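Asks: Let's see this in three dimensions:
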Amino acid sequence: MLYNIDMKVLLVEDELKVANFLSKGLQEEGYAVDVAYDGKKGLEFLQESTYDIVLLDLMIPEVGGLDLLKNMRAWGINTPVLIITAKSSKEDVIKGLDTGSDDYLTKPFSFEELLARVRALLRRSRTADTHILEYKDIVLNPYNRKLIIASKEGELTEKEFLIMEFMLRNSEKPLTRRDIAEHVWQNQTDSTNIVDVYVNFLRKKIESLTAKRYIHTVRGIGYIFKEVDEKS
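Replies: As a prediction, the model looks like this:
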């Protein structure tokens, strides 16, 4: 089980028997599995946790599979997605792939084939991981929103990740609150107060992993991301 150590799977499937069968099988293979029985719950899971792969049925209630996938990609979540569905027409396959899925498996399928597809996508996500961001002893992985500082690992929510990514790409440069708001919320909010709230969340997560300080307030401007050896 080379590829499933510490691997987290989000399974979005409304058919109870199918969901239970797949969840049990994946757990027996060593994967950690969260199950969402509708698209709304799937989006909630994606906002609160990071996953190594998503198994997504298209015909699910509340929020459809393709809409869930569109939201994922719009949020900047690049987690590999394997669509599992009974919709097997050529048009459905093309639509799923064009929306942002990485592979497509039509029902019925064998569990062994599912495992093979999962392993292939996990391998691909690692070998293609050329967008990892690094600064000093910090590593930020955009594929699973994991933050690693000197070998200690933490998970970021979607908004925390977007702020962290923006700060890393602009490290040691002052950033205004409006700059951050426009990047993370895409002009959907005029309030800079929410920026302060989320930056504080992110700062606490960073400082739970290291004694060094990275996020600093710049009076009258906003924030700057740079390394300082000790907490004050």
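Asks: Quick one: the strands in this structure, in order.
Replies: In the chain, the segments counted as strands under DSSP state E are 8-12, 32-36, 53-56, 81-85, 103-106, 133-135, 138-141, 146-149, 152-155, 175-176, 213-218, 222-228.
Asks: neighbouring contacts of the third one?
Replies: Applying CB atoms under 8 Å, 6 or more residues apart in numbering, the set of residues contacting strand 53-56 from outside is 7, 9-13, 22, 42, 46, 65, 68-69, 72, 79-84, 101, 114, 118, 121-122, 125. For the C-beta atoms, the positions are set from N, CA and C on the backbone; glycine is no exception.
Asks: quick one on the thing from earlier: what would the strands of the chain look like in TSV with mean neighbour count and mean pLDDT?
Replies: TSV is the format used below for the strands of the chain (neighbours: other CB atoms under 10 Å; pLDDT from 0 to 100):
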stretch	mean neighbour count	mean pLDDT
strand 8-12	23	94
strand 32-36	19	93
strand 53-56	26	93
strand 81-85	22	88
strand 103-106	17	84
strand 133-135	14	87
strand 138-141	20	88
strand 146-149	19	89
strand 152-155	14	88
strand 175-176	18	92
strand 213-218	16	94
strand 222-228	17	92
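Asks: Of all these, which one is nearest Val195?
Replies: Evaluated over the strands of the chain, closeness to Val195 peaks at strand 222-228, with 7.8 Å, by CB to CB.
Asks: contact partners of that closest one?
Replies: Residues outside strand 222-228 that contact it (CB under 8 Å, 6+ apart): 135-136, 167-168, 170-180, 195, 199, 212-218.
Asks: ok, now stretch 152-165?
Replies: Residues from elsewhere that reach stretch 152-165 (CB under 8 Å, 6+ apart): 46-50, 75-77, 133, 140, 142, 145-148, 180, 183-184, 195, 198-199, 201-202, 205-206, 208-210.
Asks: Averaged pLDDT, stretch 157-164. What do you get?
Replies: Over the span of stretch 157-164, the pLDDT mean works out to 87.
Asks: could I get it in CSV with only the CA atoms?
Replies: Taking C-alpha atoms only, stretch 157-164 is exported to CSV below (Å, rounded to 0.1, in the frame of the first residue of the first chain):
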residue,chain,number,x,y,z
THR,A,157,-8.9,26.2,4.9
GLU,A,158,-9.6,27.5,1.4
LYS,A,159,-9.4,31.2,2.4
GLU,A,160,-6.3,30.7,4.6
PHE,A,161,-4.6,28.9,1.7
LEU,A,162,-5.4,31.7,-0.8
ILE,A,163,-4.0,34.3,1.7
MET,A,164,-0.9,32.2,2.3
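Asks: How far away from the center of its chain is that stretch?
Replies: Average the C-alpha atoms of stretch 157-164, do the same for its chain, and the two points are 10 Å apart (CA atoms, centre = their mean, to the nearest Å).
Asks: out of the contacts of stretch 152-165, which are buried?
Replies: Buried subset of the contacts of stretch 152-165 (neighbour count, 16 or more other CB atoms under 10 Å): 46, 50, 75, 77, 133, 140, 142, 145-148, 180, 183-184, 195, 198-199, 202, 205-206, 209-210.
Asks: Can you list the buried residues in stretch 169-181?
Replies: Buried residues in stretch 169-181 (16+ other CB under 10 Å): Asn170, Ser171, Leu175, Arg177, Asp179, Ile180, Ala181.
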